[in-house]
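1. make a model of this:
(one chain, ligands or ions: 2)
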Amino acid sequence: MDNNTIYILAIESSCDDTSAAVLCNRKRLSNVVATQKIHEEYGGVVPELASRAHQQNIVPVVHQALAKANIDKKQLSAIAFTRGPGLMGSLLVGTSFAKSLSLGLQIPLIEVNHMQAHILAHFIEEENSKIPTFPFLAMTISGGHTQIVLVKDYFKMDILGQSLDDAVGEAFDKSAKILGLPYPGGPLIDTYAQLGNPKAFPFPKPNVKGLDFSFSGLKTSILYFIQKQVKENPNFIEENRDDICASIQYTIVNILMSKLKKAVKQTGVKRIAIGGGVSANSGIRKALENAEKELGWTTYIPKFEYCTDNAAMIGIVGYLKYKEEKFADQSVTAKARYVINE
Ligand code: KG4
Ligand code: ZN
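-> Ligands and ions are numbered 1, 2, ... in the order given. Model prediction:
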C-alpha cells in the first residue's frame, strides 16, 4: 500500500438506515445498507425503534462492508461517521461505534455533516459519472430534507433556502397516506402519476418568500379536497387515483422548479446538482431534462444508491477531510441539529 492510497470506513446511522461503506480514495469498494422495515407498520420512522435496530445492525453491516471490499480493518486509514443532523438516538449508535473503533485501531476519526454528504456524494468516482464544477447549486430533497445550497467549494456552502415545515418527501408520503397508500408512498404516487392527467385537479402553490419552501399547507388542501369529494362520491379516490397522483406530483415538482429557477436567477449559477430520495421522482427528472434543453442548465443526478441515505456519501466526505487533515478527537459528540456550514 502506498501513501496515496487511502482507505476510509464510513458509518451512517442518522435516521432509519444503518449503513457502512469502504472507499479507496474516491472509489466506492462497498456500500452496505440495512433498511429498517419495522417503521412501515407505523406509517413513519419511530425514533426509539430506529436506535434499537441500529444497535442490532451495526456490527454485521460493518463486517459485510469490509468483507465486500475485501479489506482488512488493519488496512484502514480512518473512520468517518455521521455526526448529525438526525435522530439523536440513531446518531449515538454510529458515533459511539466509530469512536471506539478509531480508538481500538489507533487511526484518525472524521466527523461528517449528513447534509454536506448528500451534496458531496456527487464526487464519488464512478464510470461515466458527471462531476460538477464549483460553484454549483445543490438541491437536497428527501423524506427529511428540502434545501437549496450554493456550493462554492467542498467545505464552503451557503444555504439559500429550506423548508419551513415538512420536507418534500413528507409531502409525498403524507399525501399518499390521505389516499390510503402504504408508507412510504412517494414512489407509488410517482408510479400512478405517470398514468394520470397532471392538470386534472389544480392544488394551490404555497406563497413563501425567497428560496424557502413550505409543504404543510399543500397537505392540508389535499386533505380537505379529498374529504369534500369523498362525501359526494365515496369511490372518488379509486375512480381518480391516477389523476389525483399526477396532480399532486405536478404541483410539488412545480414548487421545486420555481424555487430552482429563482436560485439560478439570483446567483447566475446554472449547474444544478440534486440528491436525496426524491431525486428518483420521474417528474423532477423530466423537469430537469427540459431545463437542460430550454434554459441551458447542466444538471447532475447521482446514482440512486448515492441519493438515499448511505455510507458511501459519508466516506467521500471522509476522504476529502482526510486530505485536508480535518480530524475529530475522542471528545466529539453527536449533534441532532447540525447546520451545513457550521
Ligand atoms: O433519502 P431518503 O431515502 O431518506 C431520507 O428521507 O433521508 O428519502 C426517502 C423519501 C421518502 O419520503 C420517499 O417517499 C421519497 O424519498 N421518494 C420518492 C420517490 N422515491 C423515493 N418521492 C417521490 N417519487 C419517488 N419516485
Ligand atoms: Zn438524508
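2. so how far is ligand 1 from Ile301?
-> 12 Å (Cβ to the nearest ligand atom, to the nearest Å). Glycine gets a C-beta too; all of them are placed from N, C-alpha and C.
3. ok, Gln36 next?
-> Distance, Gln36 to ligand 1, using Cβ to the nearest ligand atom: 11 Å.
4. that residue touches Arg52, doesn't it?
-> No - with contacts counted by Cβ atoms under 8 Å, Gln36 stays clear of Arg52, the gap being 9.4 Å.
5. which one's more surrounded, these two?
-> Gln36 (20 against 16; other Cβ atoms under 10 Å).
6. for the residue most central in space within the chain, give me its contacts.
-> In the chain, the residue lying closest to the centroid (Cα atoms, centre = their mean) is Gly276, at 2.7 Å. Gly276 is in contact with 118, 140-142, 145, 169, 307-308, counting by Cβ atoms under 8 Å, 6 or more residues apart in numbering.
7. can you pick the most crowded of the residues you listed?
-> His118 (33 neighbours).
8. which secondary structure element is home to that one?
-> Using DSSP states H and E, His118 falls within helix 114-120.
9. show me what that helix is packed against.
-> Counting by 3 or more Cβ pairs under 8 Å, 6 or more residues apart in numbering; DSSP states H and E, the packing neighbours recorded for helix 114-120 are strand 78-84, strand 136-141, strand 146-153, strand 271-275, helix 312-323.
10. take these and lay them out in a markdown table including mean pLDDT.
-> Below are those laid out as a markdown table (pLDDT from 0 to 100):
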| stretch | mean pLDDT |
| --- | --- |
| strand 78-84 | 98 |
| strand 136-141 | 98 |
| strand 146-153 | 98 |
| strand 271-275 | 97 |
| helix 312-323 | 98 |
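11. any idea how many residues pack against the residue lying closest to Ile141 once chain neighbours are set aside?
-> Leaving aside its chain neighbours, Ile141 sits nearest to Val278 (3.9 Å; criterion: Cβ to Cβ, 6 or more residues apart in numbering). The tally of other residues near Val278 (other Cβ under 10 Å) stands at 30.
12. now do the contacts for Val278.
-> Residues in contact with Val278 (Cβ under 8 Å, 6+ apart) are 141-143, 168-169, 172, 186, 284.
13. report the contact partners of Arg337.
-> Contact partners of Arg337, counting by Cβ under 8 Å, 6+ apart, are 84-85.
14. now swap in Leu91 and tell me
-> Contacts for Leu91 (Cβ under 8 Å, 6+ apart) come out as 13-14, 82-84, 334-336.
15. any idea how far it is from Phe81?
-> 9 Å (Cβ to Cβ, to the nearest Å).
16. for the two, list the residues in contact with both.
-> Taking Cβ under 8 Å, 6+ apart as the contact rule, Leu91 and Phe81 both touch Ser13.
17. off-centre distance for stretch 63-83?
-> Put simply, stretch 63-83 sits 22 Å off its chain's centre (Cα atoms, centre = their mean, to the nearest Å).
18. all further residue positions should be reported with the first residue as 38.
-> Shifting the count to begin at 38 puts that one at stretch 100-120.
19. how long is that stretch end to end?
-> End-to-end span of stretch 100-120 (Cα to Cα, to the nearest Å): 21 Å.
20. that stretch vs ligand 2: in contact?
-> No - using Cβ under 5 Å from the ion, stretch 100-120 stays clear of ligand 2, coming no nearer than 9.1 Å.
21. neighbours of the residue in the stretch 238-379 of the chain positioned nearest to ligand 1, just the number please.
-> Closest residue of the stretch 238-379 of the chain to ligand 1, Cβ to the nearest ligand atom: Gly314 (2.1 Å). Gly314: 23 surrounding residues under other Cβ under 10 Å.
22. which residues in this structure form strands?
-> Applying DSSP state E to the chain gives strands spanning 44-49, 54-61, 64-72, 115-121, 146-150, 173-178, 183-190, 193-199, 308-312, 335-337.
23. quick one, which of these gets closest to Lys236.
-> Closest of the strands of the chain to Lys236 is strand 173-178, at 22.8 Å (criterion: Cβ to Cβ).
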